[in-house]
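Enquirer: when you get a sec, could you give me coordinates for this:
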Amino acid sequence: RDSLERESEIIIAQLNAPGPNGLPPLARNAPLVDSEGFPLSGYDIYTIRHQRHRLSCLQTDHKEVMRKIEETLHKLHQIKKSDRSKAPEPSDIEPIKETSVDSNKVSNPISQVPFARVNSVAFGSPSHECGLKEGDLVLSFGPVTYLNHKNLGKILDLVNISIGKSIEIWIERDKSCQMIRLVPCHWNGLGLLGCHLLPV
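Expert: Numbering: from 1, shown residues only. A predicted model of the protein is given here:
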């Protein structure tokens with residue numbers, strides 16, 4: 001559920017971002033053609049249509065997940081009521097051991113665990129210009145790794161404060177690691193990156 005909600009938030013933020021050349025963002029249900037049936041000038045119609053479709057799918061999936069969660073909670077409640085007398089005493093339950101993660105091993109030099117996949121890259125976008133490709137697996141995005149990305153939310157936060165600044169990104173492509181530098185900026189399309197990431 002959290003993954004669906006976070007991806008939806010990222011797409012909504014991209015759809016609400018100012019368009020190229022200062023054009024205002026389009027309303028979510030606004031038509032993508034003019035009164036004569038031609039695509040609106042100045043907008044990346046393909047990307048907008050793709051993001052709207054993806055958002056619609058995410059919202060449908062979210063409703064289904066919430067329904068299943070509600071059903072599961074109801075079943076668990078019934079099970080607890082029937083098995084309450086069989087519950088073990090607290091002294092019989094083995095405590096869970098806490099573990100810690102050495103952050104130096106994650107960032108020296110990169111994490112080896114992918115946490116996002118590049119789902120699409122718009123032509124002429126900052127992501128396209130830096131060499132990012134569809135299918136690339138993201139190992140680290142600046143300081144963001146699989147340990148702290150919070151369903152990709154930290155990437156969005158980093159991008160918003162890094163306009164015009166280079167971000168070091170480590171990716172896995174064809175079973176090898178590569179480092180690229182991406183500079184978020186306004187371009188002739190939506191968002192600051194021009195790519196769509198999915199959690200893995």
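Enquirer: in this structure, where is pLDDT below threshold?
Expert: The chain contains residues with pLDDT under 70 at 1, 4, 19-22, 26-28, 80-110.
Enquirer: how about the helices in it?
Expert: Applying DSSP state H to the chain gives helices spanning 2-15, 45-83, 103-106, 126-130, 153-160.
Enquirer: distance between the last one and the chain's centre?
Expert: Read it as helix 153-160. Distance of helix 153-160 from the chain centroid (C-alpha atoms, centre = their mean, to the nearest Å) equals 10 Å.
Enquirer: name the helices or strands packed onto that helix?
Expert: Judged by 3 or more C-beta pairs under 8 Å, 6 or more residues apart in numbering; DSSP states H and E, helix 153-160 is in contact with helix 2-15. For every residue, glycine as well, the C-beta is placed using N, CA and C.
Enquirer: likewise the first one?
Expert: Helices and strands touching helix 2-15, by 3+ C-beta pairs under 8 Å, 6+ apart, are helix 45-83, helix 153-160, strand 195-199.
Enquirer: give me whichever of these is most buried.
Expert: Greatest average neighbour count among the helices and strands packed on helix 2-15 goes to strand 195-199 (a mean of 20), per mean count of other C-beta atoms under 10 Å.
Enquirer: residue contacts, residue 18?
Expert: 24-25, 186 (C-beta atoms under 8 Å, 6 or more residues apart in numbering).
Enquirer: of those residues, select the buried ones using a PyMOL command.
Expert: Typed into PyMOL, the line below selects the buried ones among the contacts of residue 18, using 16 or more other C-beta atoms under 10 Å:
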select buried, resi 186
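Enquirer: going by distance to residue 71, which of the contacts of residue 18 wins?
Expert: residue 25 (37.4 Å; C-beta to C-beta).
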